[in-house]
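J.: heads up, no residue letters with this:
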């Protein structure tokens, strides 16, 4: 009987060893998958950092564009204001000329004002 027990133990030990090796292989495969996941995660982090840098650059460009629009608005405002002043001056001169033409030879300003008011 001792031979039978010895053979059984050797057989049991061999099965245990093979099972342990299979388990270790599975754990190692899982560990490699986890490491690969870590590498992939680092790659995604780098992409996110690049996107964040690009977004900051775009934000700076948008601020510059907004400032250009503000400057353009100021320029247009000043141009409209200048044209408005010029139009007002031209209107005033035209009224004065009309008054001089409507009442020729008169230097009395009250008559000219009355003539303007009548129109």
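T.: All right, it came through fine. As the structure is a prediction and not an experimental result, all values here were calculated from the model.
J.: what ranges do the helices span in this structure?
T.: When secondary structure is read from DSSP state H, the chain shows helices at 2-102, 109-118.
J.: okay if I get the ones you listed as JSON lines plus mean neighbour count and mean pLDDT?
T.: In short, each C-beta sits where N, CA and C put it, glycine included. Formatted as JSON lines, the helices of the chain follow (neighbours: other C-beta atoms under 10 Å; pLDDT from 0 to 100):
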{"stretch": "helix 2-102", "mean neighbour count": "10", "mean pLDDT": "89"}
{"stretch": "helix 109-118", "mean neighbour count": "11", "mean pLDDT": "63"}
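J.: Per-residue pLDDT of residue 106, please?
T.: We have a pLDDT of 54 for residue 106.
J.: Could you check how far the most centrally placed residue in the chain is from residue 40?
T.: Centrality entry for the chain: nearest residue to the mean C-alpha point is residue 59, 4.4 Å, by C-alpha atoms, centre = their mean. The spacing between residue 59 and residue 40, counted by C-beta to C-beta, to the nearest Å, is 29 Å.
J.: repeat for residue 88
T.: Counting by C-beta to C-beta - residue 88 and residue 40 are separated by 71 Å.
J.: what does residue 80 give?
T.: Look at residue 80 and residue 40: by C-beta to C-beta, they are 59 Å apart.
J.: same deal with residue 14?
T.: Counting by C-beta to C-beta, the gap from residue 14 to residue 40 is 39 Å.
J.: Could you do residue 67 as well?
T.: Counting by C-beta to C-beta, the separation of residue 67 from residue 40 is 41 Å.
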